[in-house]
Structure formats: structure tokens, C-alpha cells
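K.L.:
Give me a model of this one.
(chains A and B)
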Amino acid sequence: MTGGQWVRRVLKPTIWLAASGPSVWLLWCFFSGDLGHDPVKTITWTTGLSALILLLCTLAIRPLRALSGWQGLVLARRLVGLWAYWYALLHFLTYALFDREFSLAGIGEDIAKRPWITVGFSAFLILTVLASTSPKRALRALGGARWRSLHRLVYVAAVLGFFHFLWLVKLDTREPMVYGLILLVLLVVRSPMLGRWFTRRGSRSRKRPLAADHTQ
Amino acid sequence: MLIGRSPDIAPSEITEESVYLRRREFLAALGAGVALSAGVTTPVHALDRTRQDKLTPYDTVTGYNNFYEFGTGKDDPARNAHTLRPRPWSVVVEGEVEKPGPYDVDDLLRGMTVEERVYRHRCVEAWSMVVPWNGVPLRSVVDRLRPTSKAKYIEFITLQDTEQMPGQRRAILRWPYTEGLRMDEARHPLTLLVTGVYGKTLPNQNGAPIRLVIPWKYGFKGGKSIVRIRFRETQPMNSWRRSAPNEYGFYANVNPDVDHPRWSQATERRVGTFFKRKTLPFNGYADQVASMYAGMDLKANY
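P.N.:
Below is the predicted model of the structure:
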């Protein structure tokens, strides 16, 4: 199997399977009446957490490519990002429907008055822009450089998502802090200094298979 | 205080009063520890008839709890509270009171009539339940202990024991959990010292063997697994207020007009339902309790 075939036949189906898991689980629980004592809370937490985890996964892809030297990983990044958006969308709709019954005034009040909703909604807006500019057509229309700088906003979205989580818990901040730490590592790895090292490593390892071919 | 009443919820249909008049069943119990088994029928039918508001199921009342002494997750207490030993249970009474001393909980409540009260229960986190509690009015206990004229407040202190309450190994709140009431609040007929729920002995995760329920206040005001009752001249500090004074006050009266700094208190979700409903001033008990706060700035005294 070539690298491209691997991505298409193994990596992407695996991502579909794993990323759709929380949706399937929620549907299953919904129809079996097993969403817990507070169904809305179960849905809100599951979708919100899935969005954050998948967002961190998209950020992890570049460093993972550099570490593993496997270029094909990047081809799966858009898919993971779109799944992250799917859960962010479900998360927002759950809130808008069950907490605010789609009242624009109510949602607007929350966004204006409550910082954790302000940051959460900002992250959602960013992800909306990124998801809608994810098709190849959009990339061509924007031009590579502009598209890339636009899509770097994904880091901002992840940071906002982390604060959205942190500011909503009452006292026990262990869980958000775990994701915060992971995010911090991913940000440090992408910082200009370390980033250069990673890029070098990435491009070196890109050549490795070729070199191996020559020696054999 | 003017009470806004939305048509979808008529407070009178589930207030203590109507239930009390129609449903109260005197259970002469020799001690609060006596299991309230036979003879107790829950007022499900009385509520169902109105089709307005239903009792929160027993499994939810005893499976969805905030009791950080057993973990911060809502299902942690039900899972972890088996380590609590609610008998024998000693309650120390001290401070401005004529009859101080250690009391066995069964002696403290001996001879008192355990009543059933169906109360709305509103958490500061904007979820709520409707719960049929069993207990004695706190007033009977207070009067039995004879506070002195200096006693203006009562402080209620929860057990501190990391063996029985493993959640206390983490200092998320300062242990032991403390709460307090003004004397008139403590002696208000709605204030209940709870010993059971749904006609059964109070499960550990709900604050066995005795906990407070003050239905017009946010749930955190109701201290659980109480081991110390201190009569005081000065206002006691309460745990959540110490932890975040800008978010939690001493009074903590349910008030849809005073938001929590991070979320709205205007609406609430009955646990188990999907959509939110309007929160009522004093949790719908304004008729009975609002006069205690006449002239007070409720925005400042949140």
C-alpha cells in the first residue's frame, strides 16, 4: 500500500470510527433513555469535551508528523478538524436550544455578560470560519499564504476553548487543567524557536525513506 | 415583594402548604433513626393530578448530589458515601445555649414528630428538584436546646473525618463544611432538619443522619451530616462564602434577579427535563419568608 492509500483506506476510516464514537454513544443513550439524571448536562459535556479533545488532536498532528516522520498524517488533519467543529456545533446548539430556546436576546446577553460564554462563543465563531474555508476551493480562492495564516487561528480557538472550560467549573479545576497542560505543550512545540527545530526534523525525516532506498 | 408567577408553574400546587394540609402524615417515631417504612405514601398522586410538576425520582434524588466530602462529581457521593457511619452519631451543642453538651442524634430528636414535606430544591448551579423530605422542624430542636438571649445565629458544622469522608483529603473547600442561619431563619416553620427522603432513612450521600433543608435558599445552605450546632452572637462564616465571597453570600436566598457572577439565576432546569423554567423569588416561598428580609437590600445581601 502506498502512503496515500494508507491514509485513505486505514487512517481516515479509523478517524471516522473514533470521532463518530461520541455521537453514536449519545444517540444510543438517547434512544435507550440512558442519558443519566441530567440528560442536557450529559449532552453538553460530551459534545464540548469531544470538541476540545479533537481540537487538541488537530494541533498534535504537526508535532506528531515531525516526531514520526510520517507525512501522511497531515492529510488527515482537515478531517479531524471538521469533526471537532461538528461537536462544537452540537455543543452550541444544545446550549442555544435547551438553555436559551433559541432566544437571540438571551444568547446575546450571555455573550455580553458572561466571560466564559464570550470566549466559548468566540472559539465557536473561529471554528465556523475555519470549517467553512476548509474545502480546497476556499484554499485556492484565498491563496496558500493567506489561508495558512487564517487557519493558524485554530490555536486561538483552542486557548479560548480551554478558558471556556476552566471558567465554568466551580472549584475542582483538575480536569480542565489536564487539557490546559496538553495545550501548553502543543503551543510550546509550535513556538518559533522549538518550531524551527521541529521543521528541520520534519524535513530531515521526510528525506529518510529516500535515503533508505538508495542504500538498499 | 411582588411575586411574578408564570402560568406554567403555580407555586401553590407544590408548596409546603398545600402538601402539608393534604398530605401530612404524622409518623410518631420514637427516634429519627427509626426507618420510616410502612404507612408512608408519597404524595405522587397529589402532584400528578395537577400535571404541573412532578416529584424528582428517588434514584435521581439519591444519585445526583453535590457533597464534595465524597467527590466533586454529581455521581461521586452515591458511589463513595458507603464509608460514612451514620450511627452511632453524636451532635455537640455549644455556645449561647442553656443545654449544651454532646447528644446522641436519636436523643436529640426523641419524641418529635417526623413530618413529610415536599419542597422545591434549587441548587446555586441552576438545577432543581422536587423532593419529599422527612424530618422535624428545626425550630423544635432549637427550642428544646434553649438558646440564650445572646444567640442571634446558629452555625452548623459537618463531620470532618478523612476516613469516613475521603473527599476531604483534597482541600477544595476548607473542612469541615460550615453553614449558618440567622435565628429567625432557623426557627422558621419551613426550615427542616431532615432525617429521611421518600419515607426512607436518609441515604449517606444525602447527608445522613441529619441535614438541613431551607427550601427558599440555595441548596448549599443546607449543611449535611451535622456533628456540631453552635449558637452564636455573631454571624458565622460559611464554607462557600469563604471560598469565593464574590459568588456566594451568607443569605443565599433564591433570587432570579441577582445573577451568580458567572451564570444567570433567572432560570433553572429540573433535573431530568430538557428545557429550563423560570426561577421564582425565594424559590416560590416568598409568601412565607419574604417578610423576614423586609427593608434589606437583597442585591447586596446575596
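K.L.:
could you check the distance from the most centrally placed residue in chain A over to chain B?
P.N.:
Geometric centre of chain A, nearest residue: A:Leu55, 1.5 Å, by CA atoms, centre = their mean. For A:Leu55, the distance to chain B (CB to the nearest CB, to the nearest Å) stands at 23 Å. For glycine as for every other residue, the C-beta is placed from the backbone atoms N, C-alpha and C.
K.L.:
give me every residue that touches that residue.
P.N.:
A:Gly81, A:Ala84, A:Ala88, A:Leu127, A:Val154, A:Ala157, A:Ala158, A:Gly161 (CB atoms under 8 Å, 6 or more residues apart in numbering or on different chains).
K.L.:
Show residues contacting the one helix or strand A:Trp6 maps to.
P.N.:
Assigned by DSSP states H and E, A:Trp6 belongs to helix A:3-6. Helix A:3-6 is contacted from outside by A:Trp70, A:Gln71, A:Gly72, A:Leu75, using CB under 8 Å, 6+ apart.
K.L.:
Leaving out the residues flanking it, which one is nearest to residue 76?
P.N.:
Going with chain A. Residue nearest to A:Ala76 in three dimensions, not counting chain neighbours: A:Leu11, with 5.2 Å by CB to CB, 6 or more residues apart in numbering or on different chains.
K.L.:
if you could check chain B rather than the one you did, that'd help
P.N.:
Nearest one to B:Asp76, counting by CB to CB, 6+ apart, is B:Phe70 at 5.4 Å.
K.L.:
Check whether that neighbour really touches B:Gln205, as I assumed.
P.N.:
Yes: at 6.7 Å, B:Phe70 and B:Gln205 qualify as touching, with contact defined as CB atoms under 8 Å.
K.L.:
Give the intersection of the neighbour lists for these two.
P.N.:
Residues touching both B:Phe70 and B:Gln205 by CB under 8 Å, 6+ apart: B:Pro77, B:Ala81.
K.L.:
Enumerate every residue touching the residue in the stretch 101-250 of chain B that chain A sits nearest to.
P.N.:
Residue nearest to chain A within the stretch 101-250 of chain B (CB to the nearest CB): B:Ile172, separated by 4.8 Å. Listed by CB under 8 Å, 6+ apart, the contact partners of B:Ile172 are A:Leu171, A:Asp172, B:Tyr68, B:Thr72.
K.L.:
Surely the second one and B:Thr72 touch.
P.N.:
Meaning A:Asp172. Yes: using CB under 8 Å, A:Asp172 is in contact with B:Thr72, at 3.9 Å.
K.L.:
Identify the residue spatially nearest to residue 173, adjacent ones excluded.
P.N.:
Defaulting to chain A. A:Leu166 (6.3 Å).
K.L.:
wait, chain B
P.N.:
B:Leu173's closest residue in space is B:Ser239 (CB to CB, 6+ apart), at 5.0 Å.
K.L.:
Run through the residues that contact that neighbour.
P.N.:
For B:Ser239, the contact set (CB under 8 Å, 6+ apart) comprises B:Leu173, B:Arg174, B:Tyr177, B:Thr178, B:Glu179, B:Phe220.
K.L.:
could you pull out the strands for chain B?
P.N.:
For chain B, the strands defined by DSSP state E cover B:27-28, B:90-95, B:101-104, B:113-122, B:127-137, B:153-158, B:178-182, B:192-197, B:200-201, B:211-213, B:226-232, B:267-270, B:277-278.
K.L.:
Identify, out of the ones you listed, the most deeply packed stretch.
P.N.:
Comparing those by mean neighbour count (mean count of other CB atoms under 10 Å in any protein chain shown), strand B:192-197 comes out on top with a mean of 26.
K.L.:
okay, A:Asp172 and B:Thr72: which has more neighbours?
P.N.:
B:Thr72 (20 against 15; other CB atoms under 10 Å in any protein chain shown).
K.L.:
Work out which residue lies at the spatial centre of chain B.
P.N.:
B:Val213 (1.8 Å).
K.L.:
Could you give the bridge partners of it?
P.N.:
Beta bridges link B:Val213 to B:Leu192, judged by DSSP bridges.
K.L.:
Next to chain A in this structure, residues from the stretch 201-302 of chain B, please.
P.N.:
Residues of the stretch 201-302 of chain B lying close to chain A by CB under 8 Å from any CB of the partner chain are B:Ser243, B:Asp259, B:Arg262, B:Trp263, B:Ser264, B:Thr267, B:Arg269, B:Val271, B:Gly272, B:Phe274, B:Phe275, B:Lys276.
K.L.:
could you redo the last one with a cut-off of 7 Å?
P.N.:
Residues of the stretch 201-302 of chain B lying near chain A by CB under 7 Å from any CB of the partner chain: B:Ser243, B:Arg262, B:Trp263, B:Arg269, B:Val271, B:Gly272, B:Phe274, B:Phe275, B:Lys276.
K.L.:
Take those and lay them out in a markdown table including distance to A:Tyr95.
P.N.:
Formatted as a markdown table, those follow (distance: CB to CB, whole Å):
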| residue | distance to A:Tyr95 |
| --- | --- |
| B:Ser243 | 27 |
| B:Arg262 | 14 |
| B:Trp263 | 12 |
| B:Arg269 | 12 |
| B:Val271 | 17 |
| B:Gly272 | 18 |
| B:Phe274 | 12 |
| B:Phe275 | 12 |
| B:Lys276 | 11 |
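K.L.:
now that we have the residues you listed, which one has the most neighbours?
P.N.:
Counting neighbours by other CB under 10 Å, the top entry in those is B:Val271, with 24 neighbours.
K.L.:
Need the pLDDT of that one.
P.N.:
B:Val271 carries a pLDDT score of 95 in this model.
K.L.:
Can you list the low-confidence ranges for chain A?
P.N.:
A:1, A:193-216 (pLDDT under 70).
K.L.:
Can you tell me how far the spatially closest residue to B:Glu247 that is not a sequence neighbour is from B:Val130?
P.N.:
In this structure, B:Glu247 finds its nearest non-sequential neighbour in B:Pro261, 5.5 Å apart by CB to CB, 6+ apart. Applying CB to CB, to the nearest Å, the value for B:Pro261 to B:Val130 is 28 Å.
K.L.:
Next: B:Pro189.
P.N.:
Using CB to CB, B:Pro189 is found at 19 Å from B:Val130.
K.L.:
Rank the helices and strands of chain B by mean pLDDT and give me the bottom one.
P.N.:
strand B:27-28 (a mean of 35; mean pLDDT, DSSP states H and E).
K.L.:
okay, now A:Leu89: neighbour count?
P.N.:
Residues near A:Leu89, counting by other CB under 10 Å: 16.
K.L.:
any idea how far the residue nearest to B:Leu173 is from A:Leu150?
P.N.:
Look at B:Ser239 and A:Leu150: by CB to CB, they are 47 Å apart.
K.L.:
Contact residues of chain A facing chain B?
P.N.:
Going by CB under 7 Å from any CB, the residues of chain A near chain B are A:His37, A:Asp38, A:Pro39, A:Val40, A:Phe98, A:Asp99, A:Glu101, A:Arg114, A:Trp116, A:Trp167, A:Leu171, A:Asp172.
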